[in-house]
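**Q** sequence plus the predicted model coming up.
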Amino acid sequence: MVAPSDDKQKGKGAKEDKKSAKGKDEEKEPELSEEDLALKTNLDLMVERLGDPDPGVVKLSLTTMISEIRSATASMTSVPKPLKFLRAHYDALKARIEALPADQGENRAMLADVISILATTKELAREVLKYRLLGSTSDLGIWGHEYIRHLSGEIAEEFRVRREEDSAAPVDDLMILVKQIVPYHMTHNAEPEAVDLLLEVESLDLLESHIDEKNYGRTCLYLTSCCAYLPEPDDAAVLRLALRIYSGQKRWHDALRVALRLNSRPDVEAVFAACSEPLEKKQLGYLLARHGFALNLEEGPAAVEDDTLREALREIISNSKLSEHFLALGRDLDVMEAKTPDDVYKTHLTEGRAPAGAAAVDSARANLAATFVNAFVNAAFGQDKLVTVGSGAEAGGGSENVHWIFKNKDHGKISATASLGMVTLWDVEGGLPQIDKYLYSTDPFVVAGALLAIGVVNACVQNENDPAFALIADYVSNSDVNIRTGAILGLGLAYAGTGREEVSELLNPLVVDSDAPVEVSAFAALALGLVFNSSAREDVVMSVLQALMSRSDVELSTPYAKLMCLALGLLFLGKQELAEATVEVAKTLSERISQFAVVTLESCAYAGTGNVLKVQGLLAMCGEHITTDEASAHKTIHQGAAVLGLALLAMAEPLGSQMAGRVLEHLLQYGDAPARRAVPLAIALLHISNPDVLVMDTLSRLSHDQDSEVANNAIVGLGLLGAGTNNARLAGLLRGLASYYYKEPTALFLVRLAQGLVHMGKGLLTINPYHTDRQLCSGVSLAGVLALVFSCLDLKATIGGKHHYLLYCLAVAMKPRMLLTLDEEGRPLPVPCRVGTAVDVVAQAGRPKTITGFQTHTTPVLLGVGERAELATEEWLPLSPILEGQVILTKNPDYVAMDESK
């Protein structure tokens, strides 16, 4: 029974095969129109004729074939018809070229051209390039864009293969093609592809000769964007090329931005000097002021001859008008009224367990928290309801008249007095008279606080009378330790990023003095790190290293030694390989601190570079499981620094920070306690003043962690995450935390701090070191944030202990997140502008919109994270291509007002 049914099946199968074959033929017939059929027959005939012994016939058939291929219009989704029909003959054509006699050179070249273009439809190893090299190497553009792209990819691959086999292998044949492809790309709006090809064949210098005013913008935008993903030294080479292009096109603002990104003082000075237009120079001044870059306008390459212009530039670069401009923003948004800590806590909204009675809360702690909240929320507004009111400076009369400063205990008075500096931030003229009287107090804590306040009020602002140094210098050698640390830190904040010689002369001896208390040396080192930020200044580096060598193991086990290591890191911030010699020296230090010093140094030196090798090294350290006991606890301290280093390296661009976020999530699950404790801080470092919902949820989860140190750092992290954003969701989370931790004084103190940070400057400030469309990282701002984050590695001894005034290091990072438009005289000029979510337009075709979902406002306006502004009127032209901070506008000479009456 089986056999017949099997035969039946076979018979049935055969019938079906016939049917399907017939069906296929039937399907194929209507697919080819008469025109297509004629083309196919013609091409088949041409291929046959290639076998003709007569060279003339061969040439004619090749010429016909080539003209058919060229004239075929290719859509983006389908292969051109001639190529489709010739694909079947690919192997036959390859065999024919081998058989062609050598005397038919021209025919061989033409046939090679045909095979090369046919190879684009096949997935074969570099055959497009192989036959292109056999064919004619002139005028590649006629074959179209798709062919050029295939060829570029294969050239890059061939170059890599040859160089891997022999680093001196000749590549001249490839370069002949490259020199034709690059001009084609540059004239066909494919600048990114030209850049990619030149990067692959290590000949970026060829690009410059093809730049003109039409294509420089897209080219440089791509160069500056891709440098984040290149290894050193390619990243610097790409930026230097962009700098040369911008300078050649006289785009000084763009050029200065690149020079600052290179962190190269000679380049910055050269660009500033080359810009001759006074108004443009002023706009460059605003960029330098925002970046915290001090320039010598009196002498040297950037000197300015014209006295009035020099004075105007000095005023701009020294940030003298910053307070005035910020208050203009405050008035415009109607937020001038001072706020109290209770306005921030909103205790009436927290249900249930509110701290009741004196037993529930340590009153001194509560007052200290209120001091900081008040300082942060009213920062830079010049008035508050606690420290700038009534001058009951002497504790006398009833308790009602006791000034707020004297409601704090001991070291709490330092922060309370220093908060005066924060409230009057940037307003040197208005702030110093209010602070001055406390310098004459009999209480050393108040004097220390007043000295710190002088530093805070002068942070990022250089007054022409230079009062800070004159007032503070004498106190540096005071016998009282608190007064000394207040004076030293005050100097560090007042001159952050300026590189002042006098500060070095004054503080260097304190760093190396092994008889001085270790905390004095550590604060002196930190102050020098802030002042000589990313300068790699040799004498300061040597002093800090010497201090680390001469201190005993007991002193090196304190949190102060970590501040010294951070100071070393700040000196090399962003300096990359320049730090290598110092890293070698750091390896020879006492084992208690050497690992921590090495990790901190490397992390700071490569901050924001995303250097893959360094990231892998840090990951290996974070993942180590080191078994320790009481005596060898120091063996794990470098893990905290390594975790922060991961965030530091990856914070420059969004892809890197996403990947770092994922790695940190793994560390939370599998890492040892020292690594886990630093994770919340690292997460916050990746999202400073950027309250991303997912990140907020992660930190909120960690703020209830069983390990109290993880929880405490998560609370600080929440504060940094939302610093200056007034984020309502975050404020609600923190209110919930305040009632959750109502019995734990340290945690409650930190929750209050975080609430103060979130409402910093009533929501008008940011401490994000990245500015100007996230393209530049201000070293000074980053240094201020790092000083706080690193001190949180020993939170109980620093912020939670008696060094809570380290929080004032944030003063150098605080900047208004505004767009303020100015007229040519420097007066605020209200104009309409659109503010929306920034769109990444790098390498996109045409002229895409740079913002989406915008709203139209009148300047001054607030800019949130990830937002961008553009003018909504053609009447004015901005002198800066990026609208952020202070922007000078000039009248548009071509503007014609629309007559609305018509």
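**A** Okay, I see it. Residues are numbered from 1 along each chain as shown.
**Q** which non-adjacent residue is nearest the spatially most central residue of the chain?
**A** For the chain, Ala652 is the residue whose C-alpha lies nearest the centre (CA atoms, centre = their mean; 3.1 Å). Counting by CB to CB, 6 or more residues apart in numbering, Ala652 lies nearest to Gly608, which is 3.8 Å off, once chain neighbours are set aside. C-betas here are computed from N, CA, C, even on glycine.
**Q** just give me the neighbour total for that neighbour.
**A** Per other CB atoms under 10 Å, the neighbour tally for Gly608 reads 22.
**Q** right, and it touches Gly574 too?
**A** Yes. Gly608 lies in contact with Gly574 (CB atoms under 8 Å); the separation is 6.6 Å.
**Q** what sits against Lys614?
**A** By CB atoms under 8 Å, 6 or more residues apart in numbering, the residues touching Lys614 are 602-603, 606, 645, 649.
**Q** is it within a helix or a strand, and which one?
**A** Element membership for Lys614 (DSSP states H and E) is helix 612-623.
**Q** could you give the average pLDDT over that helix?
**A** Here helix 612-623 scores 88 as its mean pLDDT.
**Q** cool, and stretch 187-202?
**A** pLDDT averaged over stretch 187-202 gives 86.
**Q** just stretch 345-364 next, same as before
**A** For stretch 345-364, the per-residue pLDDT averages 59.
**Q** about what we covered before: format the contacts of Lys614 as JSON lines; extra columns: distance to Ala448 and secondary structure.
**A** Output for the contacts of Lys614, formatted as JSON lines (distance: CB to CB, whole Å; DSSP: H, G, I helix; E, B strand; the rest coil):
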{"residue": "Glu602", "distance to Ala448": "34", "secondary structure": "helix"}
{"residue": "Ser603", "distance to Ala448": "31", "secondary structure": "helix"}
{"residue": "Tyr606", "distance to Ala448": "36", "secondary structure": "coil"}
{"residue": "Gly645", "distance to Ala448": "32", "secondary structure": "helix"}
{"residue": "Leu649", "distance to Ala448": "36", "secondary structure": "helix"}
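**Q** next one: the closest residue to His188 other than its chain neighbours relative to Ala845, how far apart?
**A** Nearest non-adjacent residue to His188, counting by CB to CB, 6+ apart: His145, 6.5 Å away. Separation of His145 from Ala845 (CB to CB, to the nearest Å): 12 Å.
**Q** between the two, which one's more packed in?
**A** Remark: of His145 and Ala845, His145 carries more neighbours, 15 against 9, as counted by other CB under 10 Å.
**Q** I figured the more buried one was touching Glu193, is that so?
**A** No. Between His145 and Glu193 there is no contact under CB under 8 Å: 9.2 Å.
**Q** name the SS class of Asp894, please.
**A** The three-state label given to Asp894 by DSSP: H, G, I helix; E, B strand; the rest coil is coil.
**Q** residues touching it, list them.
**A** If you count contacts by CB under 8 Å, 6+ apart, Asp894 has none.
**Q** that one and Pro278, how far apart?
**A** In this structure, Asp894 and Pro278 are 22 Å apart, going by CB to CB.
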